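Q: Return atomic coordinates for the entry below.
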Amino acid sequence: MANQNLDPKRLEEAASKLRAIAHPMRIAIIGLLENKEQMNVTEIYETLKIEQASASHHLNILKTKGVLDSRRSGKNTFYFLRHEALSQMIDCLNRCY
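A: Numbering: from 1, shown residues only. Predicted coordinates:
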């Protein structure tokens, strides 16, 4: 019998987060932020050698989906990983196997 605890809303939220990280540039951003506690947009786009607008676009998607969070300091916005969100996604994937 099928698992009756599968909540369609939660499944869609999980799929949405997975779609958000399933992009090469977003994976690269996550990789950068794993190695550094936080980075601002300039540091990210200069390190990845991409346009500022592209970096901002990808950061916005990751933040909207709850993968990243940010804090302002003066004129800069610093981005950092929400480790609990990533841990939940990894746990979810592990349960699928």
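Q: any idea which element Glu46 lies in?
A: helix 41-48 (DSSP states H and E).
Q: Distance of His57 relative to Glu84?
A: 24 Å (CB to CB, to the nearest Å). All C-beta spots, glycine's among them, are computed from the backbone N, C-alpha and C.
Q: in the sheet, who's paired with Leu68?
A: Beta bridges link Leu68 to Leu81 when assigned by DSSP bridges.
Q: To what extent is it buried, counted in neighbours?
A: By the criterion of other CB atoms under 10 Å, Leu68 has 24 neighbours.
Q: Just confirm it contacts Thr77, I think it does.
A: No - Leu68 is beyond contact range of Thr77, at 10.7 Å (criterion: CB atoms under 8 Å).
Q: Bridged to Arg72, which residues?
A: Thr77.
Q: Grab the nearest non-local neighbour of the one residue sitting closest to the centre of the chain.
A: The residue lying closest to the centre of the chain (CA atoms, centre = their mean) is Val67, at 3.2 Å. Spatial nearest neighbour of Val67, excluding adjacent residues (CB to CB, 6 or more residues apart in numbering): Ala85 at 5.5 Å.
Q: Find the least confident helix or strand in the chain, judged by mean pLDDT.
A: When the helices and strands of the chain are scored by mean pLDDT, DSSP states H and E, helix 83-96 comes last with a mean of 72.
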